[in-house]
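Trainee: One predicted model, sequence on top.
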Amino acid sequence: LEVIDSKGAVRQILRVLREKRPVGILADQNLSPRLGGIFVDFFGLPATCPSTPAALARKLNVPLLVCALVRTADGFEMVLQKLPKPVAEYGSDQELVQAMVLCNEELIRRHPEDYAWLYRRWKYIPCDVSAEQAARYPPYAIRIPVRQDGTQASRPSHAHS
C-alpha cells in the first residue's frame with residue numbers, strides 16, 4: 001500500500017496507473033469548488049465532491065468501483081459496488097461523479113452501522129438552492145457564490161457616489 005499525499009497527487013496517481021496498479025481515492029470528501037470540487041446530489045442535498053477520480057477515469061478509460069469496508073465477525077470485508085454503466089458511457093465528469101455518489105449512498109444504506117462522518121460533509125451551500133433546501137443544511141454550512149452547475153454567480157456591484 002502506498003499513501004499518496006494531496007500535493008502532486010494527480011502526477012503520482014498517473015504513475016501508479018501506468019504501472020497497472022490499482023488506486024483508491026477517498027472520493028466522499030467535500031472539496032471547495034475553487035479546488036476542483038463539483039456539486040452533486042448526496043442524500044437529497046447538493047454536496048461537493050472531488051472531480052479528479054471521474055476526470056482521470058474518463059481520460060484514461062479505466063474502470064471505477066465504489067467500495068466500503070464493513071465489519072464482519074472476523075474483521076473487515078471490502079464490499080464493491082459497480083457503476084450502472086462503463087466509464088466511457090458517461091458524458092461528463094459531473095454525470096460520472098453523480099453515479100459514484102449514488103453507489104456510495106447505496107452502500108451506506110446497506111451498511112449504515114459502518115459509516116460515520118467525522119468531518120463537515122455538507123460544508124458548502126450553492127447560491128442557487130431554495131431557502132427551504134438551504135435550511136436543511138447543517139449549521140456549519142456556508143453559502144458560497146457558486147451555482148450547483150459549478151458556474152460562478154455574479155457578485156452584486158456596489159454603487160459609489
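Mentor: Thanks, I have the structure now.
Trainee: what about Cys103, neighbour count?
Mentor: Using other CB atoms under 10 Å, Cys103 has 20 neighbouring residues. Bear in mind the C-beta positions are built from the backbone N, C-alpha and C, glycine included.
Trainee: ok, and the residue nearest the centre of the chain, which helix or strand is that part of?
Mentor: By CA atoms, centre = their mean, the chain has its centre lying nearest to Cys49, at 2.6 Å. Cys49 belongs to strand 45-50 when assigned by DSSP states H and E.
Trainee: contacts for the helix or strand just after that strand?
Mentor: As assigned by DSSP H and E, the chain's next helix or strand after strand 45-50 is helix 52-60. With contact meaning CB atoms under 8 Å, 6 or more residues apart in numbering, helix 52-60 is reached by 9-10, 13-14, 17, 25, 27, 36, 62-64, 87-88, 90, 93-94, 96-97, 100.
Trainee: can you rerun that using 7 Å?
Mentor: Residues from elsewhere that reach helix 52-60 (CB atoms under 7 Å, 6 or more residues apart in numbering): 10, 13, 17, 25, 27, 36, 64, 87, 90, 93, 96-97, 100.
Trainee: picking that back up, distance of the residue nearest to the centre of the chain from Ala88?
Mentor: Per CB to CB, to the nearest Å, Cys49 is found 20 Å from Ala88.
Trainee: The helix or strand of the chain with the lowest mean pLDDT vs helix 52-60, what angle?
Mentor: Least confident helix or strand, the chain: helix 9-18 with a mean of 88, by mean pLDDT, DSSP states H and E. Interaxial angle, helix 9-18 versus helix 52-60 (axes from the mean of the first three to the mean of the last three CA atoms, to 10 degrees): 50 degrees.
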